[in-house]
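Student: okay, predicted coordinates and the sequence, questions at the end:
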Amino acid sequence: MNVENAPQGGDDRLVEVLRRALAEADEVPAEVVAAARAAWTWRTIDAELAALVHDSTLDDQELVGVRGAATVRALSFTVGEHFLELEVAEDGDHRSIVGQVMPAHEAGLILEGADGRPRAVLAVDALGRFAATRLAPGLVRLRAAGGPLVTEWVSI
């Protein structure tokens with residue numbers, strides 16, 4: 001049987017019944033929408049937010065201007081047993097980062113951007129070291145791939 005000549009009556013009737021059912025359906029109540037949005041925030045409940053414990057641009061204020069503007073920024077995050085150190089270097093319109101996560105998380109880290117940039121998976125070696133280059137400036141955070149660690153959003 002040729003597909004173009006196949007009877008469509010049954011499908012047309014089904015589509016019409018579905019169209020009428022959707023037209024008659026009530027709107028989703030606002031409290032249901034609000035509950036669904038609140039539930040969505042719980043999707044990362046297993047992630048432990050690593051707090052920023054050191055930012056060289058904030059902690060070293062008295063050194064600013066001594067030798068000009070700093071081009072390297074040091075950041076440290078901690079949560080529970082996890083510790084992550086990060087250095088951000090400016091290179092014109094781009095940034096590069098090098099860092100170390102302890103204990104080493106060899107599954108890697110995911111660099112996420114608040115501006116909708118694609119996620120980048122950063123390889124982590126046996127000593128916990130990682131790096132990324134030619135990054136656009138903006139708000140980013142690091143998340144342990146398959147793990148519970150995630151940093152606060154920071155501007156690079």
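Tutor: Everything's here; your move.
Student: is residue 109 in contact with residue 122, as I believe?
Tutor: Yes. Counting by C-beta atoms under 8 Å, residue 122 is a contact partner of residue 109 at 4.5 Å. Where you see a C-beta, it was placed from the backbone N, CA and C, and this is true even at glycine.
Student: where does pLDDT dip in this protein?
Tutor: Along the chain, the parts satisfying pLDDT under 70 run over 1-9, 40-49, 59-70.
Student: helices of that one, start to end?
Tutor: Per DSSP state H, the chain carries helices over the ranges 9-24, 30-41, 56-59.
Student: most tightly surrounded among those helices?
Tutor: The highest mean neighbour count among the helices of the chain, using mean count of other C-beta atoms under 10 Å, belongs to helix 56-59: a mean of 13.
Student: which residues are in contact with that one?
Tutor: 70, 72-75 (C-beta atoms under 8 Å, 6 or more residues apart in numbering).
Student: from those, which land in strands?
Tutor: 72-75 (DSSP state E).
Student: compare these and tell me which has the most neighbours.
Tutor: Most neighbours among the ones in strands among the contacts of helix 56-59, by other C-beta atoms under 10 Å: residue 75, with 23 neighbours.
Student: tell me what the closest residue in space to that one that isn't next to it in sequence is bridged to.
Tutor: Nearest residue to residue 75, sequence neighbours excluded (C-beta to C-beta, 6 or more residues apart in numbering): residue 86, at 4.5 Å. Residue 86 has the following beta-bridge partners by DSSP bridges: residue 75, residue 99.
Student: check residue 50 too.
Tutor: residue 151.
Student: burial check on it, number of neighbours?
Tutor: 24.
Student: surely it meets residue 154?
Tutor: No. Residue 50 is beyond contact range of residue 154, at 10.7 Å (criterion: C-beta under 8 Å).
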